[in-house]
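Chemist: Pasting the sequence and the predicted model now:
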Amino acid sequence: MTEDLQGAVAALHRAFSDVPRPVHVTGCTNCCISEAELQRLVDVPREQLMADELQSYAYNVPDTVGEEADFRYFLPRLLDLVAQGELQGLGAGWVIRRLKYAPWTTWSSAQVQAIRGYLMVWWLDALSDPAGGPDEHLEHLGEIEPPEAFERYLDRWLTAGPVAIDHLATFVHQHIAELALGRGWDAFATRVATDTLYRWLRSGPPAQTLVQNDEARPDAPGALLRLEAALLVTP
């Protein structure tokens, strides 16, 4: 876990420290979670719950398992385990997208700020990974954030370094045509996020940043790709 991610996790635990521990968690025990797993959730403090004990809960909350109140209690631990590389059977994106089922932007300002701080670090980590890519991260951020907040993550894309700009160029080449047609770039991409992303790509700064990075690194791999991407999104 990076130092920034450690800080974001610590902030989450502080912001949610006063959320009461649930005395009972309900859930569909036909196929989503077992009675034993539900009981374990209330018997053990959240900091001591391990990934295998939270897996069924994390997969379904707050849809067919749990509700908003207990989700707020367990959320810091869920995101902590994600940051540690646990819950791999689900993936970070799946855990994070559970927020779409809860009115989390109406929670306390400290809690909303802590969640967004964590999400920004998660986003920047993806942008700095040469072997990764932003598609899934964009998909889930677009699902859980309103357009004006979603655009703040997009704006950070332009200042996240050379690897991030290379990801931007690749993303443009792969998806600009479908975005122009109003089609999502990934399975869970919403229409609102799709429209917001397309407008942002065509707003001017993305094209300017791609050109500036191409001029700064004319002999670097991907220089032509960046220039072509800039032309594709030039307003």
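Modeler: Nice, I can see it. Being a predicted model, the structure only gives us computed values, none of them experimental.

Chemist: mind checking pLDDT for Leu90?
Modeler: On pLDDT, Leu90 comes in at 65.

Chemist: same question, Pro221
Modeler: What the model reports for Pro221 is a pLDDT of 74.

Chemist: Now for it, how many residues are close by?
Modeler: Counted with other Cβ atoms under 10 Å, residues neighbouring Pro221 total 8. Bear in mind the C-beta positions are built from the backbone N, C-alpha and C, glycine included.

Chemist: May I have the secondary structure class of it?
Modeler: Counting by DSSP: H, G, I helix; E, B strand; the rest coil, the backbone at Pro221 sits in coil.

Chemist: And it, how close does it get to Glu3?
Modeler: Look at Pro221 and Glu3: by Cβ to Cβ, to the nearest Å, they are 29 Å apart.

Chemist: Ala177 now?
Modeler: Ala177 is 39 Å from Glu3, by Cβ to Cβ.

Chemist: So which helix or strand of this protein has the lowest pLDDT on average?
Modeler: Here the helix or strand of the chain ranked lowest by mean pLDDT, DSSP states H and E is helix 92-97, holding a mean of 84.

Chemist: Counting neighbours, which bits of the next helix or strand after that one end up buried?
Modeler: Toward the C-terminus, helix 92-97 is succeeded by helix 109-127 as the next helix or strand (DSSP states H and E). Judged by neighbour count (16 or more other Cβ atoms under 10 Å), helix 109-127 contains these buried residues: 111, 114-127.

Chemist: quick one: the one helix or strand Asp155 maps to to helix 109-127, angle?
Modeler: Take DSSP H and E as the rule and Asp155 turns out to sit in helix 147-157. Following axes from the mean of the first three to the mean of the last three Cα atoms, to 10 degrees, one obtains 40 degrees for the angle between helix 147-157 and helix 109-127.

Chemist: Going by neighbour count, list what's buried in helix 147-157.
Modeler: By neighbour count on 16+ other Cβ under 10 Å, the buried set for helix 147-157 is 150-151, 153-154, 157.

Chemist: Which of those residues sits closest to Asp18?
Modeler: Nearest to Asp18 out of the buried residues of helix 147-157 is Tyr153 (Cβ to Cβ; 27.9 Å).

Chemist: thinking again about what came up before, pull the residues that contact the least confident helix or strand of the chain.
Modeler: 58-59, 78-79, 82, 87, 119, 122, 136-137, 139-140, 143-144, 188 (Cβ atoms under 8 Å, 6 or more residues apart in numbering).
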